[in-house]
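Asker: Output the structure for:
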Amino acid sequence: MPAAILRPLPKDYQFAVWRWILLPAVTYMIRRNGGTWASGTIHLFAQELRFTFSGRNGGTVSVPIDQHLTICLRKAMASERLILERDGTTYTFMVVRPTAFVETLGGIADKEGAGFVEGRA
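Answerer: Numbering: from 1, shown residues only. Next up, the predicted model:
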């Protein structure tokens, strides 16, 4: 499923003044979201959810599906946010029309004892 993952900024990150002058809209959106979005694809397996970055740099982010996972689906302006929390780490994905995907994820999560909270966060 096509998606984007939020890459958070460090807590002490300060925007340079030139960014506010040359790119005010972009800088505002990065600040408002708390990071930058990276595109890719979400793959769902029996024991994990894996996000593969698109582009030359590639790479993956894997989130194990087990009893320590909390799943949240929240509406946004033009998309929805799939928020996964596990052991104090939050993974935020921007997805469009994720109903079937979330139902499948919820079924796997139920088997593994994970929690699903709709519309939280």
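Asker: Could you list the low-pLDDT ranges of the protein?
Answerer: For the chain, applying pLDDT under 70 flags the ranges 111-121.
Asker: Spell out the residue ranges of the strands in it.
Answerer: Along the chain, counting by DSSP state E, strands occupy 2-8, 35-44, 48-53, 60-64, 69-75, 80-86, 89-95, 115-118.
Asker: Check which residues of the third one are buried.
Answerer: Right, strand 48-53. L49, F51, F53 (16 or more other CB atoms under 10 Å). From N, CA and C alone the C-beta is placed, and that goes for glycine too.
Asker: How about residues contacting it?
Answerer: Where contact means CB atoms under 8 Å, 6 or more residues apart in numbering, the residues beyond strand 48-53 that reach it are 3, 5, 38-44, 58-65, 84, 91, 93, 105.
Asker: Show me which of those residues are buried.
Answerer: The buried subset of the contacts of strand 48-53 - by 16+ other CB under 10 Å - is A3, I5, A38, G40, I42, V61, V63, I65, L84, Y91, F93, L105.
Asker: give me phi/psi at D66?
Answerer: Main-chain torsions, D66, degrees, to the nearest 10: phi -150, psi -170.
Asker: Measure how buried it is and give me the count.
Answerer: Number of residues near D66 (other CB atoms under 10 Å) recorded here: 14.
Asker: what distance separates the start and the end of stretch 12-30?
Answerer: With CA to CA, to the nearest Å as the measure, stretch 12-30 spans 14 Å from end to end.
Asker: ignore the last one, stretch 95-102
Answerer: Where stretch 95-102 begins and where it ends lie 10 Å apart, using CA to CA.
Asker: from the chain's centre, how far out does it sit?
Answerer: 13 Å (CA atoms, centre = their mean, to the nearest Å).
Asker: Pull out the buried residues from that stretch.
Answerer: Buried-residue list, stretch 95-102, by 16+ other CB under 10 Å: V95, P98, F101, V102.
Asker: Does the third one touch P2 like I think?
Answerer: No. Counting by CB atoms under 8 Å, F101 sits too far from P2 to count as a contact (10.6 Å).
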